[in-house]
Every structure is written in C-alpha cells, then in structure tokens.
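Novice: Below is the sequence, then the predicted model.
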Amino acid sequence: MIELYGTPRSRALRISWLLEELGIPWEFHYIDFARGDNRTESFLALNPCGKVPVIRDGELVLTESAAIMMYLAEKYGAGQWLPDAGTAAAARHYQWLSYIITELEQPLWTMGKHKFALPEAQRVPAVRTTAVWEFDKAAAIAEDWLPDSPFLLGEQIQVADILLAHTLLWATVFEQDIPPKLAAYRDRLSARPAMKKALDKTSASAQ
Ligand SMILES: N[C@@H](CCC(=O)N[C@@H](CS)C(=O)NCC(=O)O)C(=O)O
C-alpha cells in the first residue's frame, strides 16, 4: 500500500491522479498547513523541507513530485507510462518533464510564492509581473510544440501528460491565460475519471 502525504489540490494531486490511473492501492494522509502538520517533527523526518507531496512505499520515503511520478510509473506502470529507455521518445519525454517544471511551473510558483506562500516580509509583489511575462512566453512555445496526437508522445498517455495537465490546472487557478490548444488539452486530460476519483478521495480526507 502506497501512502501519500499532501493536500488535495497541491502538487500532491499529480501523484493521487497518477496513482488512480495506475490502479494501485493507496492511502492518503492529509497535511493541513494551517494546522502546522507540515512542521511537526514526524513530518519533517519524512521531508525536512516541510513540503508535500511525500510518498512512502515500504521502506522507501520519497519527495519531489516529478521523481515520485517517475518512480511510480517505472515500478507500477507495466511499461505503459514511460517510453522505452534510451529511445528518442524517452529523450523527448525528459525534455517535456524538464520544460514543464523549469519553464512553466517555475514562473507559476514564483507568482504563488509572492502572492501567498512566502512569509509576508519576503514577498515582492513586482516579481509577479515578470513571472507572468515568463509564463506567457513559455506557454506560447508549449502551444507550438503540442502535437496533434491525443497525448504528448502520441497515442499513449505518459507521465509527462499528467504533469503538464496538472501544471496547466494550476495556471488556471493562478488566473493565467492559457493558449487555446493547451487549454483544450488541459480540459480533455482533466476530464479523465482518475482525476475526479483522486480529488474526491483526497478531499474526503481533508474534511
Ligand atoms: N519541488 C517540490 C515542491 C513541493 C512544494 O513546494 N509543495 C508545496 C505544495 S504544492 C508545499 O508543500 N508548500 C508548503 C510550504 O512551502 O511550506 C515538488 O515538486 O514536490
């Protein structure tokens, strides 16, 4: 049984969504930031950063959402969720993962940090204008790169699809304009039943 620590709509949603797609049993531990659950000694022992998501799989405790996704897909994906290692498709998949995290998520998170996540004294509101500009530039390129196939690498959904769709959902929460092809892709991916199941299950634990 995989244990997932997080809050329903944080980066933990990438993991809960993928867990539902993989169809493996998992248990959710709600980490309430307002209550300080991420600052307790027991949580900091799992992740000294005090951040979610964290998973536990037997002896293994793992942090960093992209690393967790890759691990779960490799171990439980039955060869369906990642391209074969060493192929051009795998290289393209790595390119997408890196682009999503460093070019799309980074400016979004900069917006979030300077709006609500950082302690008030550390927030610099003007940084948000730059982050919006950076996000728009990166999203325009992703829009050009988005293939006509159902998923990023063709006919088969891969880890990077969940990561991109989740990041685009975040962009929407942060009220960013999303170019039309990416918006349609986000809507199509997030309509998958696994996404709703993940949200329902984690939201029920957060009551
Ligand atoms: N690079 C990490 C970032 C994790 C992260 O920043 N998580 C946020 C929620 S989405 C968090 O736990 N924030 C709490 C805090 O910063 O105190 C990942 O991808 O997992």
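Specialist: On my side now, so go ahead. Numbering: from 1, shown residues only.
Novice: Relative to residue 183, how far out is residue 149?
Specialist: With distances taken as C-beta to C-beta, to the nearest Å, residue 149 is found 17 Å from residue 183. Every residue, glycine included, has its C-beta placed from N, CA and C.
Novice: of the two, who's got more company?
Specialist: Between residue 149 and residue 183, counted using other C-beta atoms under 10 Å, residue 183 has the larger neighbour count: 16 against 10.
Novice: and that one, what is it in contact with?
Specialist: Applying C-beta atoms under 8 Å, 6 or more residues apart in numbering, we find residue 183 in contact with residue 168.
Novice: any idea how far it is from residue 169?
Specialist: In this view, residue 183 and residue 169 are 11 Å apart by C-beta to C-beta.
Novice: try residue 178
Specialist: Applying C-beta to C-beta to residue 178 and residue 169 gives a distance of 10 Å.
Novice: same check, this time on residue 133
Specialist: Distance of residue 133 to residue 169, computed by C-beta to C-beta: 21 Å.
Novice: between those two, which one's more packed in?
Specialist: In terms of neighbours (other C-beta under 10 Å), residue 169 is the more surrounded of residue 133 and residue 169; the figures are 20 against 11.
Novice: Residue 126 versus the more buried one, what's the distance?
Specialist: To residue 126, residue 169 is 26 Å away according to C-beta to C-beta.
Novice: Skip the chain neighbours and tell me the closest residue to residue 99.
Specialist: Distances taken as C-beta to C-beta, 6 or more residues apart in numbering place residue 142 nearest to residue 99, at 7.0 Å, with adjacent residues excluded.
Novice: which residues in this protein form helices?
Specialist: Using DSSP state H, the helices assigned to the chain run over residues 12-22, 41-46, 65-76, 88-99, 106-112, 127-145, 159-173, 180-190, 193-205.
Novice: what packs against the fifth one?
Specialist: Secondary-structure packing of helix 106-112 (3 or more C-beta pairs under 8 Å, 6 or more residues apart in numbering; DSSP states H and E): helix 127-145, helix 159-173.
Novice: before we move on, what about the fourth one?
Specialist: In this structure, helix 88-99 makes packing contacts with helix 159-173, judged by 3+ C-beta pairs under 8 Å, 6+ apart.
Novice: So for the helix it packs on, what gets flagged as buried?
Specialist: For helix 159-173, burial by neighbour count (16 or more other C-beta atoms under 10 Å) applies to 159-171.
Novice: Check the offset of it from the chain's centre.
Specialist: 6 Å (C-alpha atoms, centre = their mean, to the nearest Å).
Novice: Average pLDDT for that helix, rounded please.
Specialist: In this model, helix 159-173 has a mean pLDDT of 96.
Novice: Can it be said to contact the ligand?
Specialist: No: Helix 159-173 lies apart from the ligand when judged by C-beta under 6 Å from any ligand atom; the minimum separation is 8.6 Å.
Novice: Contacts for that helix, please.
Specialist: 9, 11, 13-14, 17-18, 21, 65-66, 69-70, 73, 77, 81-82, 93, 96-97, 100-101, 104-105, 108, 135, 139, 142, 151-153, 178, 182-183, 185-186, 189-190, 195.
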